Structures are given as C-alpha cells and as structure tokens.
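Asker: how does the following fold in three dimensions:
(chains A and B)
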Amino acid sequence: MGCSVITTIGNSGSQTRVMHESNPFPYRLMQRCHALLVLLLTLLSVSIPALAEDVRVAVASNFSAPMQVLSQAFENETRNHLIVSYGATGKLYTQIQQGAPFDVFLAANDSYPRMLEKNAMAVAGSRFTYAIGRLALWSAKPGYVDDKGQILRTGTFKHIALADPEVAPYGSAAKEYLRAHGLMRKLTPRFLIAENTAQAYQFAETGRAELGFVALSQLASSSDANRAGSTYILPLESYPRLKQQAILLRPKDAAAAWLAFLQSDNARNIILQHGYLLP
Amino acid sequence: MIEAADASALWLTLQLALASTVILLLLGTPLAWWLANSRARFRPLIEAVIALPLVLPPTVLGFYLLISLGPDGLGGLLSAWTGRNTLAFSFGGLLIGSVVYSLPFVVQPLQSGFALLGRAPMEAAATLRASPLDAFVSVAIPQTKPAFISAVTLGFAHTLGEFGVVLMLGGNIPGHTKVASIAVYEHVEALRYGNAHVLSAMLLLISFALLCVVYTTQRRAGH
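Answerer: Prediction:
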C-alpha cells in the first residue's frame, strides 16, 4: 500500500513538471489535489487494519466494569482478542438490526436477545443468562438508608433518583417495586428521572437526590471511598428479575470460545464479585 | 496521563476530522462557488438542504444515515461490492456522516467569501486571457484566504465535536469508530471521571487553539 502511494507521487510529479513551464496554475492545483488524495488514502488505509482472531462484543453499559476484568482473563487464557463496544441495550439492538459487525451481544435484559433469536438474526440455541442484576437503594450519606428500606415510607427527602422506567431495566424494576409496596402515589412527585442507571447513581452521588435506585454492581465495582454511603439491597423476589442474556450473533469459533469462557467457574466468580447473581 | 485506548480514540478523531476536512474542501469549494454566483430558481432549496445539519438534532441525522447506509439502503445495494450489508460501523461510514454533518460549516464561509469578492476580479483576470480555472486559483483563492481558513478550521473543529451522529452510526468500536467524544461519554457512564477529565481537557485545548486561529486570521484580514 505504502509503496504504491509513493509511486503515484513520483509519476504525477514527472508528468506535471513538463506542464509547469508552460502553465503554472493547473500544475499547482493538480499537485495540491494529489497531495490531498495521497493523504486521504493513507488515512483510510491506516484505519482499517485486518486482524484474524478478533471477537467483536457489544456489551450493555452496566456490565462494563466486570467486562474489563473478564476480557483480560479471556485474552490471557486463549490469545484471542476482544474488541468491546459499550452502549445502551436498545441502541446496540438497533445497530445489530442495521448490520453492525458484532459477533456477540451481552444485553441488559432478555427480551432483545430473544427477539434477535426469533428473527433469525442470531445463532439459535446460543442464548443464556450470564448475570442477574441486583437493585439497591443507596444514599451517599452514611446511615441514611436503613437495612429494611423503611426510609421510603418515613423519609422526608425531597428527591429520589431512578433511571427512566420506559427505557432502563433498573428503572422499571424500581417502579415495579414501588408499585408492589403501594408507594407510587407518595413518591412519584419526588422522582428525579435519570437517562440511565449510571446517571441515577450520579444524581445520588452528587446530592441532587438524597437517595436513589442504583445497580448493586455500581457499588460493588467501585473502590472509591466516598461511594460507601448507606445501602439497602432489595430482596430478589420483590421486583421482576433483571436477567441479562448473551447471544451469539454469527457462527465463529473464537466468539463461541468467549461465550464458553463466560460460563466457566473463573468467569462466574468475577461476575459474582461485581455485585451480580447467577442462575 | 492519557491511556492507550484514549490516545487511540483521540488519534482516530484527528484522522476523521482531517479526512472530512479534505473531502469537504473538495466538495464544498465548487458548491460554494456555484451558490455565490448562480441565479437558479432552485438555489434557495439547495441552500436549505445544506443548512439542515445546523438545525437538525445530530441524532436525527445519525438515525437517517444509519437507515440509509444500512441493509435496506445504500449498504444493501453495494453489498455485492463491499462484502458487507451496511456502510455504517466503519471509518468510511463515519466519514460520510461527518461530511454531511459539517458541510454547512465549510460551504457557508466560502459562499460569503466568494459573494464578497464579486465578479469584477474574475472578469479582470478573464480580460488578461486567464482561463476560468487559472483565474480561480490565482485570483479568487488568494483573495478569499480568510474564508478558506474559516472553512477549514470550522469544518475540522466541528468534526472534532461530533457526537450524536457517531453515536448512532459508529457502533463504538475501538480503533475503528470510537472517537474521543464517545470515549468521554463512556467514561462518565462508567464513573471513570479521571479518564473523562484528561480526554475532555485535551479536546477543550485543541478546540480552543483552533478557534483562536480563526479569530486571529479574521482580525488580520479586517485591517
């Protein structure tokens, strides 16, 4: 590639030099155009490297902390290379439908992987639950949230943060919990709705809301001391189960190897350490 | 210090901005020249289309591009040739997106530069037997240098700041489509504020330096 580009410059230079003497303007313009073209081709060629055993994984944002540990462990074990793209589950689903070159999808729910399987956009039978999310009520203030969640009934807080129930699984789980406990009417006026669970956490962390519904994994993954605060981990049966499912999008050995690794004891330990449960 | 993944995102951003600017100049210059000189009745229509990215939310633009470059659009038509069913999720796809997104930022300064120049210098050059191309290169371009500098810098800087289009169109693939603005967003989502700070500060500095170049050259041209 590099050689052919250099040859092109050489040729054009010698051809146009003759023109230069009679008519300088087109020469200059042509020289400029050539330089730009060469620059463009070089940029394009640099950005498209070809690697053989890459596995492209689309991962729900909430799983990014364990994913970093898992991908390191997988690469050490197998020498395959993971290229990980994080994003909101719904957006990744749309991109997969539009032909995104992902080999594996780790979603934040089970409905999107199921839909892909149903529409024959994934390898049938490859779907499984790789993690179960846990919902927590959290405040940055130590001792503010009690270990039974009574604060929801008795607290005089102004704001409670939760992720948008329309799009975020943790938000809709929180809403179901409140509905089941008859707290919706009392608390709805105090809702501070966040775009996603990460933002709900940030609202509570910065004190814009006194407390908030967050993912336990956000608390477990942090080493930061000021993330201690006070926490109530909601009982698993008090809200719809947050099943996070994975699915193979195209048959590929290295991708299948990654999914097998994800179900190994080593991987399961890492997932549990990050505040998730397993089936 | 900056991490390797972030350095790669920043480098990709600079490549994208540079390649977009080059294409935008090649496309935008003749387009702006035509807009500045044409009396065609449909000219306002073309101007409106070019200005659309100024007012449309980038997510709308990104969504339309995602669909039109995808399996049911251009990507499907060209699949026999490209071997894939979409043009999105690649550097080339982002390049198409950036060119559309930043087009008004290049065309508008050039168009006003050319309009300000008027027809007289070109006509004078023609009486000296310069061909239209000669006259353009040796008269119009030097005379409208500040407009070109504005166009280049704004086109480049605007591509640096691109987010919504890439978010929809890119797929956030490291080394291919994960640009700096997306990397910052991801760091904030994952609560890695330190990384977000470093990368944001670098983007801020680059953008500020570029805008200083624009305003300095415009001031000089004004005197």
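Asker: can you give me the helices in chain B?
Answerer: B:4-37, B:43-55, B:58-68, B:74-77, B:79-82, B:91-117, B:120-127, B:132-135, B:141-143, B:145-160, B:164-170, B:180-189, B:193-222 (DSSP state H).
Asker: and the closest residue to chain A within chain B, backbone torsions?
Answerer: Nearest residue of chain B to chain A (CB to the nearest CB) works out as B:Thr86 at 3.3 Å. Just so you know, the C-beta spots here come from the backbone N, C-alpha and C atoms, and that holds for glycine as well. B:Thr86 has phi and psi values of phi -150, psi 150 when expressed as degrees, to the nearest 10.
Asker: so it is in contact with B:Gly70, correct?
Answerer: Yes. Using CB atoms under 8 Å, B:Thr86 is in contact with B:Gly70, at 4.8 Å.
Asker: neighbour count for the two, which is higher?
Answerer: Set side by side, B:Thr86 and B:Gly70 show more neighbours around B:Thr86, with 27 against 24, by other CB atoms under 10 Å in any protein chain shown.
Asker: need the residues touching each of B:Thr86 and B:Gly70.
Answerer: Residues touching both B:Thr86 and B:Gly70 (CB atoms under 8 Å, 6 or more residues apart in numbering or on different chains) are A:Gln98, A:Gly99, B:Gly76.
Asker: now do the contacts for the closest residue to the last one other than its chain neighbours.
Answerer: With CB to CB, 6 or more residues apart in numbering or on different chains as the measure, B:Asn85 is the residue that lies nearest to B:Gly76, at 5.7 Å, once sequence neighbours are left out. Contact analysis of B:Asn85 by CB under 8 Å, 6+ apart lists A:Gly99, B:Gly70, B:Pro71, B:Gly75, B:Gly76, B:Ser79.
Asker: please see if stretch B:109-126 touches chain A.
Answerer: No. Using CB under 8 Å from any CB of the partner chain, stretch B:109-126 stays clear of chain A, with a minimum separation of 10.6 Å.
Asker: next up, the contacts around the spatially most central residue of chain B.
Answerer: What sits nearest the mean C-alpha location of chain B, by CA atoms, centre = their mean, is B:Ser102, with 3.5 Å. Contacts for B:Ser102 (CB under 8 Å, 6+ apart) come out as B:Ser20, B:Leu24, B:Pro53, B:Leu154, B:Gly155, B:His158, B:Thr159, B:Glu162.
Asker: one more time with 6 Å
Answerer: B:Gly155, B:His158, B:Thr159 (CB atoms under 6 Å, 6 or more residues apart in numbering or on different chains).
Asker: what's the answer for A:Ile83, then?
Answerer: Contacts for A:Ile83 were tallied using CB under 6 Å, 6+ apart; they are A:Asp54, A:Arg56, B:Pro174.
Asker: quick check, pLDDT for the last one.
Answerer: Looking back up the chat, that one is B:Pro174. pLDDT, B:Pro174: 90.
Asker: tell me the phi and psi of it?
Answerer: Per degrees, to the nearest 10, the backbone of B:Pro174 is at phi -60, psi 140.
Asker: burial of it, as a residue count?
Answerer: By the criterion of other CB under 10 Å, B:Pro174 has 18 neighbours.
Asker: give me the buried positions along the helix or strand hosting A:Ala256.
Answerer: Element membership of A:Ala256 [criterion: DSSP states H and E] is helix A:253-262. Neighbour-count burial for helix A:253-262, counted by 16 or more other CB atoms under 10 Å in any protein chain shown, picks out A:Ala254, A:Ala255, A:Ala256, A:Ala257, A:Trp258, A:Leu259, A:Phe261, A:Leu262.
Asker: my guess is the fifth one meets A:Val55, correct?
Answerer: Yes. A:Trp258 sits in contact with A:Val55 when judged by CB atoms under 6 Å, with a separation of 5.1 Å.
Asker: mind listing what residue 168 touches?
Answerer: Since you didn't name a chain, this refers to chain A. Shown in contact with A:Ala168 (CB under 6 Å, 6+ apart): A:Asn196, A:Thr197.
Asker: chain B was what I was after
Answerer: For B:Met168, the contact set (CB under 6 Å, 6+ apart) comprises B:Gly62, B:Phe63, B:Leu66.
Asker: ok, the residue nearest to it when sequence neighbours are not counted - contacts?
Answerer: Leaving aside its sequence neighbours, B:Met168 sits nearest to B:Gly62 (CB to CB, 6+ apart; 2.9 Å). B:Gly62 makes contact with B:Gly164, B:Val165, B:Met168, B:Leu169, according to CB under 6 Å, 6+ apart.
Asker: you'd agree A:Gln244 is in a strand?
Answerer: Yes. Remark: A:Gln244 belongs to a strand, assigned using DSSP: H, G, I helix; E, B strand; the rest coil.
Asker: so how far is chain B from it?
Answerer: Separation of A:Gln244 from chain B (CB to the nearest CB, to the nearest Å): 16 Å.
Asker: quick check: bridge partners of that residue?
Answerer: Bridge pairing for A:Gln244 (DSSP bridges) gives the partners A:Ala131.
Asker: now do the end-to-end distance for stretch A:210-230.
Answerer: Separation of the first and last residues of stretch A:210-230 by CA to CA, to the nearest Å is 11 Å.
Asker: same question for that stretch, mean pLDDT?
Answerer: Stretch A:210-230 shows a mean pLDDT of 79.
Asker: can you count the residues close to B:Leu128?
Answerer: As a burial measure, B:Leu128 scores 9 neighbours (other CB under 10 Å).
Asker: same deal with B:Arg41?
Answerer: 7.
Asker: check which helices and strands the helix or strand of chain B with the lowest mean pLDDT sits against.
Answerer: When each helix and strand of chain B is scored by mean pLDDT, DSSP states H and E, helix B:79-82 comes last, with a mean of 81. Helix B:79-82 sits against no helix or strand, with contacts defined as 3 or more CB pairs under 6 Å, 6 or more residues apart in numbering or on different chains; DSSP states H and E.
Asker: isn't A:Tyr112 right up against A:Leu92?
Answerer: No. Counting by CB under 6 Å, A:Tyr112 stays clear of A:Leu92, with 8.1 Å between them.
Asker: if you count what's nearby, which of the two comes out ahead?
Answerer: Neighbour tally, A:Tyr112 and A:Leu92, criterion other CB under 10 Å: the higher count belongs to A:Leu92, 25 against 21.
Asker: OK, contacts around that one?
Answerer: A:Leu92 sits next to A:Ala58 when contact means CB under 6 Å, 6+ apart.
Asker: for A:Gln244, see how far away it is.
Answerer: A:Leu92 sits 13 Å away from A:Gln244, going by CB to CB, to the nearest Å.
Asker: wait, a helix at A:Met192?
Answerer: Heads up, residue A:192 is Leu, not Met. No. Checked against three-state DSSP, A:Leu192 lies outside a helix; its state is strand.
Asker: what bridges to it?
Answerer: Applying DSSP bridges, one finds that A:Leu192 bridges with A:Ala161.
Asker: for it, give its distance to chain B.
Answerer: Between A:Leu192 and chain B the computed distance is 18 Å (CB to the nearest CB).
Asker: can you give me the pLDDT of that residue?
Answerer: 96.
Asker: same thing with the one 5 residues further on?
Answerer: Note for A:Thr197: predicted pLDDT of 88.
Asker: try A:Tyr27
Answerer: pLDDT, A:Tyr27: 53.
Asker: same check on B:Gly194?
Answerer: 92.
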